[in-house]
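Asker: Okay, here's the prediction I keep looking at, along with the sequence it came from:
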Amino acid sequence: MTDKERRFWEKCGFKPKPYQIRAFKDGEVITLIDGWVWPDGTQRTWLPGINSLDNLMKYAVPKLRDLSEDNTLKDIEFHWEGLNISDVVEVNVVLDFQEFTGRNKSPAKALYEALCQALEVEG
């Protein structure tokens, strides 16, 4: 997971909470690992992936709507470019009369890029 992805999920309401693991070999060793409190209050040692439209629609889109000036996400548009559906996808997110665009072969990654731009402005 990249720092950009971590910052993205933090803006979506995920809170870091390190866990301690105690290992007893040649004395006591304490190791910290990343942990996260999810928006629903559950604690996990991982964050959702950005490769899933389900994760982005469940966690990022509602958070973005909450951050908007008038609580309105105007539109999310997916446009496939090229002759084949496997070509580049362009996603436009319209929020508070601003448009944010992401492009990638993966629809989820294209949406992620557009949402990152919008969260930078709104968050």
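Answerer: Perfect, I can see it now.
Asker: alpha carbons only for contacts and neighbour counts from here, please
Answerer: Will do.
Asker: buried stuff in stretch 11-18?
Answerer: 11-12, 14-16 (16 or more other Cα atoms under 10 Å).
Asker: For the strand or helix carrying D54, enumerate the helices and strands it packs against.
Answerer: Secondary structure from DSSP states H and E places D54 in helix 53-55. Packing partners of helix 53-55 (3 or more Cα pairs under 8 Å, 6 or more residues apart in numbering; DSSP states H and E): helix 107-122.
Asker: Restricting to C-alpha, output the helix it packs on in PDB.
Answerer: C-alpha atoms of helix 107-122 as PDB (Å, rounded to 0.1, in the frame of the first residue of the first chain):
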ATOM      1  CA  PRO A 107     -12.500   1.600 -14.000                       C
ATOM      2  CA  ALA A 108     -11.800   1.400 -10.200                       C
ATOM      3  CA  LYS A 109      -8.400   3.000 -10.500                       C
ATOM      4  CA  ALA A 110      -9.800   5.700 -12.800                       C
ATOM      5  CA  LEU A 111     -12.500   6.400 -10.200                       C
ATOM      6  CA  TYR A 112      -9.800   6.400  -7.500                       C
ATOM      7  CA  GLU A 113      -7.800   9.000  -9.300                       C
ATOM      8  CA  ALA A 114     -10.800  11.300  -9.700                       C
ATOM      9  CA  LEU A 115     -11.800  10.800  -6.100                       C
ATOM     10  CA  CYS A 116      -8.200  11.600  -5.000                       C
ATOM     11  CA  GLN A 117      -8.300  14.900  -6.800                       C
ATOM     12  CA  ALA A 118     -11.700  15.800  -5.300                       C
ATOM     13  CA  LEU A 119     -10.600  14.900  -1.800                       C
ATOM     14  CA  GLU A 120      -7.500  17.100  -2.100                       C
ATOM     15  CA  VAL A 121      -9.800  20.100  -2.900                       C
ATOM     16  CA  GLU A 122     -12.600  19.300  -0.500                       C
END
